[in-house]
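here is a sequence with its predicted model. Questions after.
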Amino acid sequence: MRARALLVWLVLFCACTGFGQSGGELRFCLRSDPKTFNPLLVNDDASETVRYLTAGFLLRVNRLTQQPEPELATSWKVLDGGKSIRFKLRPGVRYSDGTPFSAADVAYTMQKLLDPSMHLSTSDAFRSGDGELVTHIISPTLIELTFPAPLANLANLFDYVPIVSSSSPQKEMAALGPFFVAEHKAGAFVLLKRNPNYWKKDAQGRQLPYLDSVRLEVEQNREIEAVKYERGEIDLINSVTPAIYEKLASTNASLVRDAGPSTDTEELWFNQVPAAPIPAYKKQWFASTAFRRAVSEAINRQDMARLVFRGHAVPAVSIVPQSNKFWFNSSLSPYPYDTADALRRLDADGFHLDNQQLRDKAGHPVEFSIVTNAGNPYREKMATMIQQDLKKIGIRVSVVTLDFNSLLERMLQTFNYEACLLGNVNGDLDPSSLMTMWLSSGEDHIWNPKQKTPATPWEAEIDKQMRIQASTLNLHKRKTAWDRVQKIAWEQAPMIYLVNKDSLVAISPQVKNAQPSPFRPQAYWNIEDLMLARR
Amino acid sequence: MKIVHKAAIAVLLCAVFSCVFARNIAPAGYEQQFRDEAQAGPSIHHPLGTDDLGRDRLARLVYGMRVSLFLAPVAALLSTFLAAAVGGIAGLCGGWVERSVMAATDLFLALPWLFLLITVRAVLPLNLSPASSVLITFALLGFLGWAPAARVICAGAKQVLQSDFVWAARARGCGGLRLVRTHILPSLRPALAAQFFLSIPVFIIAEANLGALGLGVAEPLPSLGGLVSELQDLVMLRPEPWRLAPLVVLIVLIGSFQVLLSKQEVHA
């Protein structure tokens, strides 16, 4: 009798407090219509969201522990010094349409991915050298992939490879992930339904995912999205602006969460391209390490984080944010805000203050323009703050906002700019994905791209260290080399890192088991574990 | 009606006074950042509060009004002058001249000017001062804004040319420039005034939109259009209604122009 009463109370308690339960529909917004449902062709955020929720992967990097975990592959082994990898696949797995999953699908996916005619961006990471991928299907659950040359981060690269079926009549629409695309109304919504054949179960043996469906509404306007969230029409916002975060937090602190510094950086750099159509004396300033470091020291990053991002950002140290636990060089700290030291540095380099105006050795007034992309209020504010900060050391800055295409043309083709303020989205935690940015010959070596030979000894040293970290499987060696690159970049300041923005998410208290991560996709990375409380 | 007319004149006079004496009215410089008082509400020191960077909103509104209210009318004058010249010539000459000029005007209206503006920004030096940038922006608006008005003026000129008093003047031997100066232009004045007043708010808003191409008023100089475009974060407006001040000012100013415009039309 007493036990029955206790049970009744427990049921009532669960009902009243909104205890999580299986079923229900999770709703959130996409910024645009997905451009494709083919997981291999994904090249936009909306399609990426659909892919994350529907595709199956051999392994996935856990967004909290930052470690790879088995998914469709139960285990893997890297062989031949990073040239080959052998996957043992999960037996008995089926696609959403019932087609069985086997090693032939992995081989088919990799062949498609590396097909040069497909022009897939994901494939770049696997192009280690000249030659073709060799796939060896040992059995339906065992496959070995051999690449032309070793890849340092080979296993983790498969976090970005969605497996598609080689034999399903539904082709790429057959899903191995927790959901499949059930309905799509262009410009309005995408409805995903629970994959009945999803292989994963929870600790109690219950079939995952807990949710019945996910409804992705297309909504471009962030403000309207926030209003919908406030009204309870959607359950989460994967990324909110600091202003919306503050507004939501002021009404109910439990509506939003700050998941900590993301991998995205905001940075300023000077044009150091020798052929750039800018005056020679300005090229001399920009090539001077003392000048770049002085500018870095004169920028008040704390104020920038506090005012522009309303405290939801931290001063940046390097390309690697402090939240990247393994790869961050913990011996480094952000440049201190110190205008006196900046002036001392400039003085030692031949600059002098003349009636509140900084001049170089030849008497040229120190003034330059900062270009940034129009329509990004955060970058415009950061540029305006830099303008005010540098005025204190006598440097006159003009801020120019350009449409993105014009900006890219100046940055990559005409090199007709002096300084640029932009952000970098770092999806991968591993430095191997940053080769083209740091190698002096790289296209993305943005301050002076595609150098035939390194222009400076420190760029030659960075080249050397980047090649070391890319050519060994020894994690300790890789970490030492990457730490050295970060140290050189900090000392030479070719890129002046400003802030790391926090990952701000809005998750309704109705959504249970949410564990927001600083890394993409912040709010729903553990989608199969999410539950909805009784509405 | 008379009171409304007087109120409109008073509003515009107040606006011009504020613009002329902006330095005395504004509590601080428009670019000065009070970083410890950022996002503050209205206070004695900052009657309209401060923006995200701690800049005084009233100062930015007053200086922004100065930029927009001085330069938008100049741009409107330029475009009205061009419209009068092009539309007037077409209307008065008639025949193939009219057909050619109107065809050219139609072509001008159909051209994708956005690309021209992007090209203009691409060829302009990056180190332009904010003052030069704002002058170029409004000059461009003036040069590009004449075409719709030219069609109206052309139609008006043709109508005036057929009126009895013009025929009478011609019969008395009045012709050429004298006919244009003494009879036709005074008759077209209401249409020209309407085009002038209509262009002012259009140019103020257009300037804000050009900011997206990097052609607007460069930071830290404020403009009325730029301040209005900051109101996009509508979720923040409910708790901070004082931020609507630039929009209210713009509406009141445009309303005042419209009142004066309708007065002009009544007299015409």
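Arrived safely, thanks for sending.

within range of chain B, give me the residues from the stretch 101-250 of chain A.
A:223, A:226, A:227, A:241, A:243, A:244, A:247, A:250 (Cβ under 8 Å from any Cβ of the partner chain). Backbone N, C-alpha and C define where each C-beta goes, glycine included.

surely the second one meets residue A:248?
The reference is to residue A:226. Yes - contact criterion Cβ atoms under 8 Å: residue A:226 and residue A:248 qualify, at 6.8 Å.

give me the common contacts of the two.
In terms of Cβ atoms under 8 Å, 6 or more residues apart in numbering or on different chains, residue A:226 and residue A:248 are both contacted by the residues A:240, A:506.

from memory residue B:250 sits against residue B:228, does it?
Yes - using Cβ under 8 Å, residue B:250 is in contact with residue B:228, at 5.9 Å.

who touches both of these two?
With Cβ under 8 Å, 6+ apart, residue B:250 and residue B:228 have no common neighbours.

of residue A:226 and residue A:248, who's got more company?
More crowded of residue A:226 and residue A:248, by other Cβ atoms under 10 Å in any protein chain shown: residue A:226, with 26 against 21.

contacts made by the one helix or strand residue B:143 maps to with the rest, please.
For residue B:143, the host element (DSSP states H and E) is helix B:130-144. Helix B:130-144 is contacted by residues A:398, B:67, B:71-72, B:74-79, B:82, B:113, B:116-117, B:120, B:124, B:128, B:203, B:206-207, B:210, B:215-221, B:223 when judged by Cβ under 8 Å, 6+ apart.

which of the residues you listed fall in helices?
Of the contacts of helix B:130-144, the ones assigned to helices by DSSP state H are B:67, B:71-72, B:74-79, B:82, B:113, B:116-117, B:120, B:203, B:206-207, B:210.

now the residues you listed: which count as buried?
B:67, B:71-72, B:74-76, B:78-79, B:82, B:117, B:203, B:206-207, B:210 (16 or more other Cβ atoms under 10 Å in any protein chain shown).

farthest-apart pair in the residues you listed, please.
B:67 and B:82 (22.3 Å; Cβ to Cβ).

mind checking how far the residue nearest in space to the middle of chain B is from chain A?
Nearest to the geometric centre of chain B sits residue B:200, at 2.3 Å (Cα atoms, centre = their mean). Residue B:200 sits 25 Å away from chain A, going by Cβ to the nearest Cβ, to the nearest Å.

now do the same contact list for that residue.
B:72, B:73, B:76, B:254, B:257.

that one: which element?
With DSSP H and E as the criterion, residue B:200 is inside helix B:185-210.

tell me the mean pLDDT for the helix or strand following that helix?
Where DSSP H and E defines the elements, the next helix or strand beyond helix B:185-210 is helix B:224-229. For helix B:224-229, mean pLDDT is 82.

could you see whether chain A lies near helix B:224-229?
No - for helix B:224-229, no contact with chain A is found by Cβ under 8 Å from any Cβ; the gap never falls below 9.5 Å.

tell me the angle the helix or strand following that helix makes with helix B:185-210.
Moving toward the C-terminus from helix B:224-229, the first helix or strand encountered (DSSP H and E) is helix B:245-267. Angle, helix B:245-267 to helix B:185-210, by axes from the mean of the first three to the mean of the last three Cα atoms, to 10 degrees: 170 degrees.

which other helices and strands contact helix B:245-267?
helix B:2-20, helix B:57-93, helix B:185-210, helix B:224-229 (3 or more Cβ pairs under 8 Å, 6 or more residues apart in numbering or on different chains; DSSP states H and E).

right, and these - which one's nearest residue A:65?
helix B:224-229 (43.6 Å).
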